[in-house]
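> sequence and predicted structure are below.
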Amino acid sequence: MNVNPILPGFHPDPTICRVGDDHYLATSSFEYFPGVPIFHSTNLTDWEQIGNVLTRPTQLNVTTGLAGASAGIYAPTLRHHDGRFWLITTNRADIRKGHLLVHTDDPAGAWSEPTYVDGAIGIDPDLAWDVDGTCHVSWTMPGAGILQAALDPGSGKLLTEQRTLWRGTGLAHPEGPHLVHHDDWWYLVIAEGGTERGHAVSVARSRTITGPFVANSANPILTRAGTDHPVQNTGHADLVELADGTWAMVHLGVRPRGTTPQFHVNGRETFLAGVDWVDGWPTVVEDRFAPEAAATSFVDDFSASSLHPRWISPGTDPATFVRRRAQGGITLAAGRAADAREARHLLAVRARDLEWQATAAVPDGDASLTVRIDDAHWAAVQRQGRTLTARMVIGPLDQTLATENEIEPRHPLAIRAVAKPDAFSLRQGPDLLELGHVRDGDFQVLATVDGRYLSTEVAGGFTGRVIGVEALGAGATLTRFVYQPAVSS
């Protein structure tokens, strides 16, 4: 049974393309800056982040606070055509402008300034080139199904009136279209059922890219609804033909834990499956690939000339508040006030494991190490002077859990997530979050909280947990950040 994501942590809505023996994969990023992480692999199971697509404020408009949470960048499509990479997506903050379209010759480098596809209002856009070279954009209009029009990708101008391609099989929320060409057929792959437990992948086909499309009688071709599989909410798939002529699928899923209704905390992650073509239809072979657990641990002393692309910030460009220090480490400009609830300058990474530990060395200044879903659902250990405080925010509740004095600034702030299953509990959460610091190599727990309160089932939205450092009130120095999986107490 394949239970390991190829991109663990908050990496939803995957889209994939191949150039020779190289595979490239991008995912949505919502309110986080930079936007749309992009990855490279030669074997489909081991992926390296080579950058982010939207790295400049002129490309990406996101905002801080609860108003910006789960807004921003929705599901993208990544394609390669005539030597150029194209990525189209929707920024919900700019949805009236139309879909956002960028291109590059080097996916690890800088991408173009955006062109907006005016007149195509909706989400989840797809790009596909017909056999005659005509480009078509397809997208989701909530309530109207999947729409399409011919497009000049250089200018973003629609060349035809929009038309309805398919309304799905009758499940809720037909969305996330991707058009795939195989054996003189065009296949329209969509997500249905909502992105919760009923999520599914369905497909229809047509002899022409413009339809009409006829549904597969075996739909949905992938769903885990009503099963006890440890990976749930499977859907939003994209297909790719491999160099040897075989096919594969990437799709999102979650790993819920705990007792009913179960809770997922790391967001929607990216998984891999095989595809066979049977009687003219794609058939999912769920366990064709057996990826090992991804390598997620890292140590960052911030000695590189620029931030690693894993670093993100909710609603804010990290370049506006992070500065390298000649003597090592980085300076974080003043963030939120110590008693404020909304992050202002949080430098964060995605939580990527079911159990993990993160430590941050902040030798100078007041700072917070925070694990969060959004500004109304987070827990932190924050140090002011030599006082250490464990704090948790859940909706309107804001609680100081514990305080300890005479803490040395040289002792790293620390948070860890640990799984402690209790077979006799009817209220078992996904994990426990332990807040504290590290002294002489030992984790000193200041407070422990139930991880269900930092889950999607409680917080809502489309993202997952991130772990970040923020300077409180004035600037602070961050010299070392360590993330590692599977650390149990």
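Thanks, I have it.
> tell me where the model's unsure across the chain.
Along the chain, the model assigns pLDDT under 70 to residues 423, 487-489.
> for it, what spans make up the helices?
456-459 (DSSP state H).
> which ones are touching the residue located most distally from the centre of it?
For the chain, the residue at maximal distance from the C-alpha centroid (Cα atoms, centre = their mean) is Glu406, at 38.6 Å. By Cβ atoms under 8 Å, 6 or more residues apart in numbering, Glu406 lies in contact with Arg386. C-betas here are computed from N, CA, C, even on glycine.
> what about it, distance to Arg439?
11 Å (Cβ to Cβ, to the nearest Å).
> dihedrals phi and psi, the residue farthest from the centre of the chain?
Backbone torsions of Glu406, given as degrees, to the nearest 10, read phi 60, psi 40.
> what about it, distance to Gly475?
Glu406 is 23 Å from Gly475, by Cβ to Cβ.
> one more: Leu147?
In terms of Cβ to Cβ, Leu147 sits 49 Å off from Gly475.
> same check on Thr227?
51 Å.
> with Leu307 instead?
For Leu307 relative to Gly475 (Cβ to Cβ), the value is 17 Å.
> before we move on, the earlier item: compare Thr227 and Gly475 and say which is more crowded by neighbours.
Gly475 (18 against 11; other Cβ atoms under 10 Å).
> neighbouring contacts of stretch 164-178?
13, 15, 75, 77, 123-124, 126, 138-140, 142, 144-148, 188-195, 198, 200, 202, 204, 210-211, 213, 215, 219-220, 235-239.
> centre of the chain to that stretch, how far?
22 Å (Cα atoms, centre = their mean, to the nearest Å).
> end to end on it, go ahead and measure it.
By Cα to Cα, to the nearest Å, the extent of stretch 164-178 from end to end equals 14 Å.
> then stretch 301-320?
Stretch 301-320: ends 20 Å apart by Cα to Cα.
> and that stretch, what's buried?
Under the neighbour-count criterion of 16 or more other Cβ atoms under 10 Å, stretch 301-320 has 302, 307, 309-318 buried.
> just stretch 201-216 next, same as before
Buried residues in stretch 201-216 (16+ other Cβ under 10 Å): 201-206, 209-211, 213, 215-216.
> okay, that stretch in PDB with CA atoms only?
Extracted in PDB, the C-alpha atoms of stretch 201-216 (Å, rounded to 0.1, in the frame of the first residue of the first chain):
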ATOM      1  CA  VAL A 201     -10.800  12.000 -10.100                       C
ATOM      2  CA  SER A 202     -13.100  11.600 -13.100                       C
ATOM      3  CA  VAL A 203     -12.500  11.700 -16.900                       C
ATOM      4  CA  ALA A 204     -14.300  12.300 -20.200                       C
ATOM      5  CA  ARG A 205     -13.000  12.100 -23.700                       C
ATOM      6  CA  SER A 206     -13.500  13.600 -27.200                       C
ATOM      7  CA  ARG A 207     -12.000  13.200 -30.600                       C
ATOM      8  CA  THR A 208     -11.500  17.000 -30.600                       C
ATOM      9  CA  ILE A 209     -10.100  19.400 -28.000                       C
ATOM     10  CA  THR A 210     -13.300  21.400 -28.100                       C
ATOM     11  CA  GLY A 211     -15.600  18.500 -27.400                       C
ATOM     12  CA  PRO A 212     -18.300  17.200 -27.000                       C
ATOM     13  CA  PHE A 213     -16.800  15.100 -24.200                       C
ATOM     14  CA  VAL A 214     -18.300  11.800 -23.100                       C
ATOM     15  CA  ALA A 215     -17.900  10.500 -19.600                       C
ATOM     16  CA  ASN A 216     -16.100   7.300 -18.700                       C
END
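> tell me the gap between it and the middle of its chain.
On Cα atoms, centre = their mean, the centre of stretch 201-216 falls 29 Å from the chain's centre.
> residues in contact with Ile415?
357-358, 369, 371, 379-381, 433-436, 467.
> how about Val349?
310-312, 466-468, 481, 483.
> please name the bridge partners of it.
Per DSSP bridges, the residues bridged to Val349 are Ile467.
> and it, how far from Arg372?
12 Å.
> any shared contact partners between those two?
Joint contacts of Val349 and Arg372 (Cβ under 8 Å, 6+ apart) are 466, 468.
> out of the contacts of Ile415, flag the one nearest to Arg341.
Taking Cβ to Cβ as the measure, Arg341 sits nearest to Ala380 out of the contacts of Ile415, at 10.7 Å.
> in the sheet, which residues pair with the residue nearest to the closest one when sequence neighbours are not counted? Tell me.
Nearest non-adjacent residue to Ala380, counting by Cβ to Cβ, 6 or more residues apart in numbering: Thr370, 4.1 Å away. Beta-bridge partners for Thr370, by DSSP bridges, are Ala380, Gly468.
> who are the neighbours in contact with Thr370?
With Cβ under 8 Å, 6+ apart, Thr370 has these contacts: 343, 346, 348, 378-380, 382, 467-470.
> and of the residues you listed, the nearest to His181?
Ala348 (39.2 Å).
> list the contacts of that closest one.
Neighbours of Ala348 in contact, by Cβ under 8 Å, 6+ apart: 32, 311-314, 370, 372, 466-469.
> 7 Å instead, please
312-313, 466-468 (Cβ atoms under 7 Å, 6 or more residues apart in numbering).
> now those in CSV, with distance to Val278?
Output for the contacts of Ala348, formatted as CSV (distance: Cβ to Cβ, whole Å):
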residue, distance to Val278
Ile312, 41
Ser313, 46
Val466, 41
Ile467, 44
Gly468, 46
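> what comes into contact with stretch 228-237?
3, 13, 75, 176, 189, 191, 193, 195-197, 199-201, 222-224, 249-256, 268, 271.
> if you set the cut-off to 6 Å instead, what comes out?
3, 13, 176, 189, 191, 197, 199-201, 222, 224, 249, 251-256 (Cβ atoms under 6 Å, 6 or more residues apart in numbering).
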